[in-house]
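A.B. asks: Show me how the following folds:
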Amino acid sequence: MLDDNVVDEVRLNATAALGRTVSEDPSVGVDMIDELVTLFEAEHTKLRNNAIGLIADVAAVHTNVVEPYVDDIAPLLETDDAYTRINASGALSRVAEDFSAAVEPLAPALIELLNNDDQIVRENACWRLGYLSAEDATARLEECAIDDEEPDVRSTASWDLTQIRR
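C.D. replies: You can find the predicted model right below:
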C-alpha cells in the first residue's frame, strides 16, 4: 500500500481491501493513521481518496486518534476530486463532534463548502458547523435551510441553526 515501487492498481486494491475491514471494525485502522496520511500526497486520486476514506472510518469510533491530523486533512477539502472532499469533510465532521476546538479554525473554509456542488460535502459542512456552533455561519445556514435543493442539507442546516442559537 505504501511502496511507491508497486503498481498503483495493486496499492489501490490494498487500500480498498483494508477499507472493507476498517469499515466493519475501525479499531483495525488505529495504528495505521501515520502511514495513511502519507498517501494524501499520492498522485493517484483514488489512492488518496481511499486513504482519507480509511481515516474517516477510523474517526467514526476513534475521533481521538484522528484529531491530531486535522491540519493534514484540511487541504483535502479543496481537492478537485469530489470523493476525496466528501471523505475529508466526513472525517472532519466526526472529529468536530468530539473535538470542536481542533476543527474551529477551519470554520471559514467550512462556510465556503456550503456552496459546493456536491450535496454530501454541503451536508458534512453543515454537520461540522453545527458541532462548532459557528455563529459566523448563521446567515449562510439560514439560506441553506430554506433554499438548498437537497432536503438533507436543508434539514441539517436547520439543526445547525438550533445548535448555534442554544
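A.B. asks: Averaged pLDDT, the strand or helix carrying residue 90. What do you get?
C.D. replies: Counting by DSSP states H and E, the secondary-structure element that holds residue 90 is helix 82-98. Here helix 82-98 scores 89 as its mean pLDDT.
A.B. asks: how about the helix or strand hosting residue 17 as PDB, C-alpha atoms only?
C.D. replies: Residue 17 is part of helix 8-24 when elements are defined by DSSP H and E. Taking C-alpha atoms only, helix 8-24 is exported to PDB below (Å, rounded to 0.1, in the frame of the first residue of the first chain):
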ATOM      1  CA  ASP A   8      -0.800   1.900  -8.300                       C
ATOM      2  CA  GLU A   9      -3.600  -0.600  -9.000                       C
ATOM      3  CA  VAL A  10      -2.100  -3.100  -6.500                       C
ATOM      4  CA  ARG A  11      -1.800  -0.300  -3.900                       C
ATOM      5  CA  LEU A  12      -5.400   0.800  -4.700                       C
ATOM      6  CA  ASN A  13      -6.700  -2.700  -4.200                       C
ATOM      7  CA  ALA A  14      -4.800  -3.000  -0.900                       C
ATOM      8  CA  THR A  15      -6.400   0.200   0.400                       C
ATOM      9  CA  ALA A  16      -9.800  -0.900  -0.800                       C
ATOM     10  CA  ALA A  17      -9.500  -4.300   0.900                       C
ATOM     11  CA  LEU A  18      -8.300  -2.600   4.100                       C
ATOM     12  CA  GLY A  19     -11.200  -0.200   3.800                       C
ATOM     13  CA  ARG A  20     -13.700  -3.000   3.900                       C
ATOM     14  CA  THR A  21     -12.100  -4.300   7.100                       C
ATOM     15  CA  VAL A  22     -11.800  -0.900   8.800                       C
ATOM     16  CA  SER A  23     -15.400   0.000   7.900                       C
ATOM     17  CA  GLU A  24     -16.500  -3.100   9.900                       C
END
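A.B. asks: and stretch 6-18, which residues are buried?
C.D. replies: Neighbour-count burial for stretch 6-18, counted by 16 or more other CB atoms under 10 Å, picks out 11-12, 14-15, 18. Any C-beta I mention is one placed from the backbone N, CA and C, and that applies to glycine too.
A.B. asks: which residue sits closest to residue 41, ignoring its sequence neighbours?
C.D. replies: Using CB to CB, 6 or more residues apart in numbering and skipping the chain neighbours, the partner closest in space to residue 41 is residue 48 (7.7 Å).
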